[in-house]
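Enquirer: Provided below are the primary sequence and the corresponding predicted coordinates.
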Amino acid sequence: MAGAFDGLVGRLKRLPGVGHRSAERMALHLLVGRPEDLGQLVDSLTHAGRAIRRCTRCGNLAEAGLCTICADERRSASSICVVESVSDLTAIERAESFRGLYHVLHGKLSPIHGIGPEQLNLATLEQRLAEGPVKELILALGNDIEGEATCHYITEHLPLEEVDVTRIGFGLPSGGGVLYADSVTLKNALEARREYS
């Protein structure tokens, strides 16, 4: 195979969940099976890369200053659900059981991987808690050591005097994350949240 083809396969393999065979199939599909789609895909990726950024309030994906969730006045500003990633936010939204706002940390504490509080989107969360009418903070982080450490850090270092802190957990397997749970499990986890201490 040509060097350009191998380079394309190598780039596709860097995508999450894509192995060598899947990357090869995608590359062949775009170059041989549907070459007319290649230009549209490149245009879409270029446009998305230029247009999409982080929401200035919560860290979700946004094309303007605020994401569509933060800009929606029908959402309850009194409840914030803290998640690790945009993928987790999307999974909870699919469950259609939460009508508050979100805060995306873009990771969780992991000293072994060099991820401390400074690498997470915690400063904006602290600012939101200090300024806003937040009555409940839902910690929807993975049920693993890093998730627990992040929850502990949030409860110990952020201004939560007037805020009820709850933690989802019912139905989420130990060591599992929000992203891989189905909608029913996530709905149950949100409904069965408990006070976090």
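Expert: Great, that's in hand.

Enquirer: rest of the way, CA atoms for contacts and neighbours
Expert: OK.

Enquirer: SS state for Y102?
Expert: Following DSSP: H, G, I helix; E, B strand; the rest coil, Y102 is assigned to strand.

Enquirer: Is it correct that it is in contact with E84?
Expert: No: between Y102 and E84 there is no contact under C-alpha atoms under 8 Å: 10.4 Å.

Enquirer: For E96, give its distance to I112.
Expert: 35 Å (C-alpha to C-alpha, to the nearest Å).

Enquirer: Look at the two and report which has more neighbours.
Expert: Counted by other C-alpha atoms under 10 Å, E96 and I112 do not tie: E96 has more neighbours, with 12 against 8.

Enquirer: pLDDT wise, what is the more buried one at?
Expert: E96 carries a pLDDT value of 88.

Enquirer: Can you report how many residues lie near R74?
Expert: 10.

Enquirer: Got the phi and psi for it?
Expert: phi -80, psi -10 (degrees, to the nearest 10).

Enquirer: how is the chain carved up into domains?
Expert: Following automatic domain parsing, the chain resolves into domains at 3-51, 61-195.

Enquirer: Deepest-packed of the ones you listed, please.
Expert: Across these, averaging neighbours per residue (mean count of other C-alpha atoms under 10 Å) puts domain 61-195 on top, at a mean of 18.

Enquirer: So which elements touch the lengthiest strand in the chain?
Expert: In terms of residue count, the longest strand belonging to the chain (DSSP state E) is strand 76-83. Counting by 3 or more C-alpha pairs under 8 Å, 6 or more residues apart in numbering; DSSP states H and E, the packing neighbours recorded for strand 76-83 are strand 100-104, strand 136-139.
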